[in-house]
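Visitor: with the sequence up front, the predicted model follows.
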Amino acid sequence: MTQKTVLVIEDDEDIIELIRYNLEMENYRIITAMSGEDGLKKLKFDSPNIVILDLMLPGMDGLDVCRSIRENSSLRNLPIIMLTAKGEESDIVTGLELGADDYMVKPFSPKVLKARIKAILRRKSIDKIHNAEQVRFDNLEINPGRHEVICNGKKIDLTYMEFAVLHHLASKPGWVFTRYQIVEAVRGESYPVTDRSVDVIIVSLRKKLGKAGELIDTVRGVGYRFKESEQLFET
């Protein structure tokens, strides 16, 4: 399982350790910050997959941190789970309106927190595919919004992972991707794939795409790329 990184912005050391203990058991990498200002600094030097954000922080509070994240074009899609104390309903509403993905009220269940994290990362992974741009290459059309591939006017039925790998390669023709890079780019929490299973996916894609499958090139000892200028489609 590829390790995911969680940034915990929380000023209570006991809560930090509770989160750290439970998430590290699930193979998450944990980064911590005990103030909003420090949390934003950590985001400049690391790339977490999700943020757990306490609303009641010294200095810059959690709502301002959430607002700053959402106003940053490179961070606005970063998942955020808010941690709140009981009776902070108005802050919960404000946080959700600012773009937080979910919230949990203290004291919370570590099992529920882990489930929420997995659900959000899974959803974000799916959204990333669905919101990606359409790709056209000669007679090949890849439409993420409809999860549809048209080749020479015919619809090709692909699995989720086949579609994700094809779209990733075709989005950057000529670029060489290692198997590990392909796994990192396309895998969601509920769609397990290993670097070796990438080979199986490529074989299946080539078979389903027919002549167009030759556009997927094997770079020996490295990985795969989508050819830039080969005219391999039947007319």
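Guide: Received it, and whenever you're ready, just let me know what you need.
Visitor: what sits up against stretch 3-23?
Guide: The contact list for stretch 3-23 (CB atoms under 8 Å, 6 or more residues apart in numbering) reads 27-36, 38-39, 42-43, 46-54, 56-58, 62, 65, 83, 106, 110-111, 113-114, 117, 121. All C-beta atoms are positioned from the backbone trio N, CA, C, and that covers glycine.
Visitor: so which bits of stretch 170-183 are buried?
Guide: Neighbour-count burial for stretch 170-183 flags 170-171, 173, 177, 179, 181-183 (criterion: 16 or more other CB atoms under 10 Å).
Visitor: same question for stretch 215-222.
Guide: Buried-residue list, stretch 215-222, by 16+ other CB under 10 Å: 215-217.
Visitor: can you lay out these as CSV showing secondary structure?
Guide: Shown next, in CSV, are these (DSSP: H, G, I helix; E, B strand; the rest coil):
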residue, secondary structure
215, helix
216, strand
217, strand
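Visitor: where in the chain is pLDDT low?
Guide: Scanning the chain for pLDDT under 70 picks out 1-2, 86-88, 124-133, 187-195, 229-235.
Visitor: need the helices for it, in chain order.
Guide: In the chain, the helices defined using DSSP state H lie at 13-24, 36-45, 62-71, 89-98, 110-130, 160-171, 179-186, 195-209.
Visitor: orientation of the fourth one relative to helix 62-71 in degrees?
Guide: What it means is helix 89-98. 10 degrees (axes from the mean of the first three to the mean of the last three CA atoms, to 10 degrees).
Visitor: using PDB, list the CA coordinates for helix 89-98.
Guide: Coordinates of the C-alpha atoms in helix 89-98 are reproduced here as PDB (Å, rounded to 0.1, in the frame of the first residue of the first chain):
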ATOM      1  CA  GLU A  89     -22.300  24.400  15.500                       C
ATOM      2  CA  SER A  90     -21.900  27.800  14.000                       C
ATOM      3  CA  ASP A  91     -18.200  27.200  13.400                       C
ATOM      4  CA  ILE A  92     -18.900  23.800  11.800                       C
ATOM      5  CA  VAL A  93     -21.300  25.500   9.400                       C
ATOM      6  CA  THR A  94     -18.800  28.200   8.600                       C
ATOM      7  CA  GLY A  95     -16.000  25.700   8.100                       C
ATOM      8  CA  LEU A  96     -18.100  23.600   5.700                       C
ATOM      9  CA  GLU A  97     -19.000  26.800   3.800                       C
ATOM     10  CA  LEU A  98     -15.300  27.600   3.500                       C
END
